[in-house]
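Engineer: Kindly generate the corresponding structure for this input.
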Amino acid sequence: MNKEVLGIFLLFVVLFGIALTYSTGLQRPILSLTNGIKTTYKESVSSVAQSYNEHFNQQDNIIALEKKLKLYEESHLLLHQVATELNALFVENNSSFKVKPQVELVRTISYVKFGDINKVWIDAEAFDPTKVYGLVHKENVAGIVIMKSGRPMALLNGALKSSYAVYVGPNSAPGIVHGLNTEELIVEFIPTWINVKVGDEVVTSGLDNLFFPGLKVGKVVSVEQSQGYQNAIIKPYYNASHPDYFHLIKNIR
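Structural biologist: So this is what the prediction gives:
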């Protein structure tokens with residue numbers, strides 16, 4: 001009798017595992033539950049760490065944070081003033097252009113799958129599932145964000161499907177970059193008549209409406225020819241080994 005019960009239990013576990021792997025309907029509530037637990041855990045850990053720091057290093061932390069807050073507030077006011085005056089200039093010249101960038105600080109919840117460091121769940125508010133967003137870490141491009149199983153998922157630079165428009169080198173050679181392996185990216189479809197060489201810097205072009213123009217991506221380590229175009233292998237500036245906090249670009253203008 002015990003063997004029969006054990007056999008039925010094991011069969012149920014196997015069938016449930018198969019259903020979970022191939023059924024999006026089952027994945028969504030389970031992902032929602034597990035992500036909620038992970039978010040609560042991270043918030044609890046952050047709260048304990050914050051209490052510890054406040055108790056032992058309260059004075060130093062407060063002074064440092066006040067300086068940073070003052071700097072951020074000043075920078076925000078300056079940027080707001082520049083954007084306001086630029087928009088007024090557009091209106092004065094009957095231009096339809098408008099400068100209204102939107103950036104949100106987001107936090108990593110967990111890896112999507114163990115063993116793949118290039119895909120992480122993030123905690124983002126007011127996320128539009130029909131859009132693709134740019135992701136930045138300390139002024140360097142980190143990847144893109146899409147909707148997956150009802151949750152915002154970050155495809156970091158090393159992911160094959162993390163692609164966006166870039167310029168290569170001082171001649172602004174256009175191309176499309178995406179993940180190649182855990183340590184390198186590849187820029188494809190670079191016109192052959194534009195000179196690209198090792199050491200050239202790769203930056204975002206802004207033509208894909210995902211990133212501000214000029215954000216740093218990496219440097220060229222090798223160049224190769226491919227079917228009427230040239231490809232550039234690049235070493236990215238962002239290291240995906242320790243994903244934590246990012247800035248999500250919700251609107252570039």
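Engineer: Figure out the length between the terminal residues of stretch 175-183.
Structural biologist: Start-to-end span of stretch 175-183 (CA to CA, to the nearest Å) is 19 Å.
Engineer: Name the surrounding residues that touch it.
Structural biologist: Contact with stretch 175-183 is made by 117-118, 156-168, 185-190, 202, 217, 232-235, as judged by CB atoms under 8 Å, 6 or more residues apart in numbering. Where C-beta positions appear, they are placed from N, C-alpha and C, glycine not excepted.
Engineer: buried subset of the residues you listed?
Structural biologist: The neighbour-count criterion (16 or more other CB atoms under 10 Å) marks 117-118, 156-159, 162-168, 185-188, 190, 202, 217, 232-234 among the contacts of stretch 175-183 as buried.
Engineer: Filter the residues you listed down to just the ones in helices.
Structural biologist: Using DSSP state H, no member of those sits in helices.
Engineer: Name the strands paired with whichever helix or strand residue 248 is part of and say parallel or antiparallel.
Structural biologist: For residue 248, the element it lies in under DSSP states H and E is strand 245-251. With DSSP bridges as the test, strand 245-251 is paired with strand 102-111 (antiparallel), strand 133-137 (antiparallel).
Engineer: That strand: which residues count as buried?
Structural biologist: Neighbour counts using 16+ other CB under 10 Å place 246, 247, 248, 249, 250 of strand 245-251 among the buried residues.
Engineer: so what's the third one up against?
Structural biologist: Residue 248 sits next to 103, 104, 105, 106, 122, 124, 133, 134, 135, 145 when contact means CB under 8 Å, 6+ apart.
Engineer: so the first one sits right up against residue 250, yeah?
Structural biologist: When you say that, I think you mean residue 103. Yes - under the criterion of CB atoms under 8 Å, residue 103 makes contact with residue 250 at 6.8 Å.
Engineer: what ranges of the chain fall below the confidence cut-off?
Structural biologist: 1-38, 40-58, 69-88, 90, 95-101, 253 (pLDDT under 70).
Engineer: which residues in it form strands?
Structural biologist: Along the chain, counting by DSSP state E, strands occupy 102-111, 119-123, 133-137, 140-148, 151-156, 164-168, 173-179, 185-191, 201-204, 216-226, 229-236, 245-251.
Engineer: so which of those strands comes closest to residue 91?
Structural biologist: Counting by CB to CB, residue 91 lies closest to strand 245-251 out of the strands of the chain; the figure is 19.0 Å.
Engineer: the inter-axis angle of the closest one versus strand 151-156?
Structural biologist: Counting by axes from the mean of the first three to the mean of the last three CA atoms, to 10 degrees, strand 245-251 points 110 degrees away from the direction of strand 151-156.
Engineer: Would you mind giving me the PyMOL syntax to select the buried ones in the contacts of residue 248?
Structural biologist: Selecting only the buried entries of the contacts of residue 248 in PyMOL, with 16+ other CB under 10 Å as the criterion:
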select buried, resi 106+122+124+133+134+135+145
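Engineer: can you pull up the bridge partners for residue 111?
Structural biologist: With DSSP bridges as the criterion, residue 111 is bridged to residue 120.
Engineer: Let me see the contact set for it.
Structural biologist: Residue 111 neighbours (CB under 8 Å, 6+ apart): 117, 119, 120, 121.
Engineer: residues touching the first one, list them.
Structural biologist: Under the criterion of CB under 8 Å, 6+ apart, the neighbours of residue 117 are 111, 156, 158, 182, 240, 241, 243.
Engineer: if I look at the fourth one, how far off is residue 236?
Structural biologist: Distance of residue 182 to residue 236, given as CB to CB, to the nearest Å: 11 Å.
Engineer: Now the common contact residues for the two.
Structural biologist: When contacts are counted by CB under 8 Å, 6+ apart, residue 182 and residue 236 have residue 158 as shared neighbours.
Engineer: These two - which one has more neighbours?
Structural biologist: Taking neighbours as other CB atoms under 10 Å, residue 182 and residue 236 compare with residue 236 leading, 24 against 11.
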